[in-house]
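Student: build me a structure from this.
(one chain, ligands or ions: 1)
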Amino acid sequence: MNGFSILVVDDEKNITDLLKDILEDEGFYVETAQSVKEAKERLREKDFEIIFLDVWLPDGEGTDLIPYIKEVNPISKIVMISGHANIPIAVKALKEGAFDFLEKPISTDSILAVIEKAGKEIKKEVEYRFLKEKEFESFQIIGESEPIKKLKKQIEKVAKTNAWVMIFGENGTGKELVARSIHYLSERADKPFVDINCAAIPDDLLESELFGYEKGAFSGAVSRKLGKLEIADGGTLFLDEVADMSLSSQAKLLRVLEEQEFSRLGSNQKIKVDIRVISATNKNLDREIQEGRFRQDLAFRLSVVPLYVPPLRERGDDIILLAEYFLERSCRENKMEKPVLSDDVKEALLKYSWPGNVRELKNLMERLCIFASDGIVTVDDLPSYIVKNRPVRSRSEIGIKPLKQAREEAEKEVIKQALKQYGRNLKEIAKVLEVDLSSLYRKIKQYNLEE
Ligand SMILES: Nc1ncnc2c1ncn2[C@@H]1O[C@H](COP(=O)(O)OP(=O)(O)OP(=O)(O)O)[C@@H](O)[C@H]1O
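Tutor: Presented below is the predicted three-dimensional model:
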């Protein structure tokens with residue numbers, strides 16, 4: 001807690017001086033102000049975590065300052081200082097956003113107790129904000145290339161609506177990230193984002209996964225379980241790999257999505273929900289429909305707005321932008337210095353085809369953050385399949401030989417051994433080596449083993 005900055009606002013100089021002495025002795029940084037005007041000046045210059053605020057000041061009520069303080073530093077905690085007669089005003093201040101109040105005469109113990117309480121609260125809020133920022137960071141779409149700019153515009157537009165969206169794109173291109181962005185930019189942001197990996201749910205579990213069940217609905221249902229539809233109520237349901245669902249599951253899904261009504265297994269009570277559906281697939285849905293693997297009516301229902309996430313290899317310099325972004329993030333998480341990418345590395349990253357798309361790049365950068373040495377990533381740190389244009393070392397340098405040569409050398413060695421064991425009994429040798437006699441003659445000649 002030490003290290004907090006504290007502002008004491010009171011028109012009585014003996015009070016500000018006393019508090020300043022006590023708090024500085026405890027290791028806090030303290031400034032004082034004797035009026036509303038002076039307090040505003042201090043607040044403009046610096047962020048204070050805790051503000052002790054007198055109820056009455058010569059140029060206004062201390063409570064008038066509360067909205068101002070909340071505006072300049074929403075995390076700060078305001079502690080009203082009040083004489084006995086003004087307690088009702090202090091209580092009113094609590095309703096307006098003050099954190100607590102102290103009654104004069106103030107004791108050191110009461111000051112320290114209120115600071116400790118405020119400190120805990122501030123810590124909680126700072127952590128919460130940090131988590132929120134991380135959450136925000138976790139659905140930020142990095143990229144400045146034309147196709148990504150276009151995609152971001154589409155996301156912004158579609159997020160304002162309730163339209164159901166189908167996201168197409170290869171594996172690892174960021175389809176789930178797009179779905180999350182739409183959700184968090186939409187009015188449903190405060191409600192859940194619930195994802196279902198359709199490829200991973202066996203047919204017979206789909207209903208219990210979606211609808212949930214009552215205790216005793218089937219053997220093994222030892223307690224009530226809420227289904228994903230109920231959890232997603234008011235929010236967004238993300239159907240990942242939707243084209244990998246069986247036809248019978250598709251029929252069940254279509255019915256419930258159209259009705260937005262279902263019952264938990266083992267219950268007759270209808271539950272109505274309000275769900276927005278976003279789906280994703282890496283398949284060509286038209287082909288899946290033509291070949292009878294996907295229901296056309298479900299496809300129509302799910303893809304009111306189709307969005308396409310381009311493969312990484314079509315995003316040009318975004319590859320470098322993303323590489324730097326992931327490298328920075330991984331290094332920060334591992335508390336390491338971010339290394340620099342050498343020009344050769346950048347060139348290799350731009351030339352590579354990225355079959356695993358952004359996920360592959362992200363994984364690579366996580367590894368590089370750990371293994372790069374001397375603050376720079378060189379081509380030697382990259383896997384060889386990425387560095388195609390790298391000069392290949394000669395065969396003899398690496399110590400390998402053509403297969404034909406290797407085979408002949410091995411053959412010669414085996415025949416030499418056999419001759420040593422069996423002498424010139426070539427018939428016997430041919431039998432042991434499982435070749436016919438004529439080819440054994442030929443090989444003995446070829447390898448100069450004729451005595
Ligand atoms: N443009 C981007 N900016 C930042 N991070 C990204 C971007 N695209 C993808 N990612 C990150 O790459 C990883 C893979 O993305 P995601 O899981 O969204 O891909 P996907 O297309 O849904 O994959 P799959 O088809 O395998 O389910 C995630 O960690 C995601 O946050």
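Student: per-residue confidence for the residue of the stretch 201-350 of the chain at minimum distance from the ligand?
Tutor: Per Cβ to the nearest ligand atom, Asn282 is where the stretch 201-350 of the chain lies closest to the ligand, at 5.1 Å. (C-beta placed from N, C-alpha, C; glycine too.) Asn282 is assigned a predicted lDDT (pLDDT) of 94.
Student: mind checking how far it is from Lys152?
Tutor: Per Cβ to Cβ, to the nearest Å, Asn282 is found 21 Å from Lys152.
Student: the two: who's more crowded?
Tutor: Counted by other Cβ atoms under 10 Å, Asn282 and Lys152 do not tie: Asn282 has more neighbours, with 18 against 15.
Student: packing partners for the helix or strand where Val30 lies?
Tutor: Assigned by DSSP states H and E, Val30 belongs to strand 29-33. Contacting strand 29-33 under the criterion 3 or more Cβ pairs under 8 Å, 6 or more residues apart in numbering; DSSP states H and E are the following elements: strand 5-9, helix 13-25, helix 36-45.
Student: returning to what we had before: right, and the residue of the stretch 201-350 of the chain closest to the ligand touches Ile167 too?
Tutor: No: if you go by Cβ atoms under 8 Å, Asn282 and Ile167 don't touch, sitting 9.8 Å apart.
Student: so what's the residue of the chain found nearest the ligand up against?
Tutor: The ligand sits closest to Gly174 of the chain, with a gap of 2.8 Å, by Cβ to the nearest ligand atom. Counting by Cβ atoms under 8 Å, 6 or more residues apart in numbering, Gly174 touches 141, 309, 357-358.
Student: and these near the ligand, which?
Tutor: Among those, proximity to the ligand is found for 141, 358 (Cβ under 6 Å from any ligand atom).
Student: among the contacts of Gly174, name the buried ones.
Tutor: Taking 16 or more other Cβ atoms under 10 Å as the criterion, what is buried in the contacts of Gly174 is 309, 357-358.
Student: take the residues you listed and lay them out in TSV including secondary structure.
Tutor: Output for the buried ones among the contacts of Gly174, formatted as TSV (DSSP: H, G, I helix; E, B strand; the rest coil):
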residue	secondary structure
Val309	coil
Asn357	helix
Val358	helix
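Student: nearest to Ala163, of these?
Tutor: Checking the buried ones among the contacts of Gly174 against Ala163 with Cβ to Cβ, the nearest one is Val309 at 17.2 Å.
Student: name the nearest residue to the closest one, ignoring sequence neighbours.
Tutor: Excluding its sequence neighbours, the residue lying closest to Val309 (Cβ to Cβ, 6 or more residues apart in numbering) is Gly169, at 3.3 Å.
Student: then Phe371?
Tutor: Spatial nearest neighbour of Phe371, excluding adjacent residues (Cβ to Cβ, 6+ apart): Asp381 at 6.1 Å.
Student: list the contacts for the one you found?
Tutor: 345, 368, 371-373.
Student: what score does Thr129 have for pLDDT?
Tutor: Wrong residue type there; residue 129 is Arg, not Thr. For Arg129, pLDDT reads 75.
Student: and the helices in the stretch 51-200 of the chain, which stretches?
Tutor: 65-72, 87-95, 108-138, 146-159, 175-185 (DSSP state H, counting those that start in this stretch).
Student: cheers, nothing more for now.
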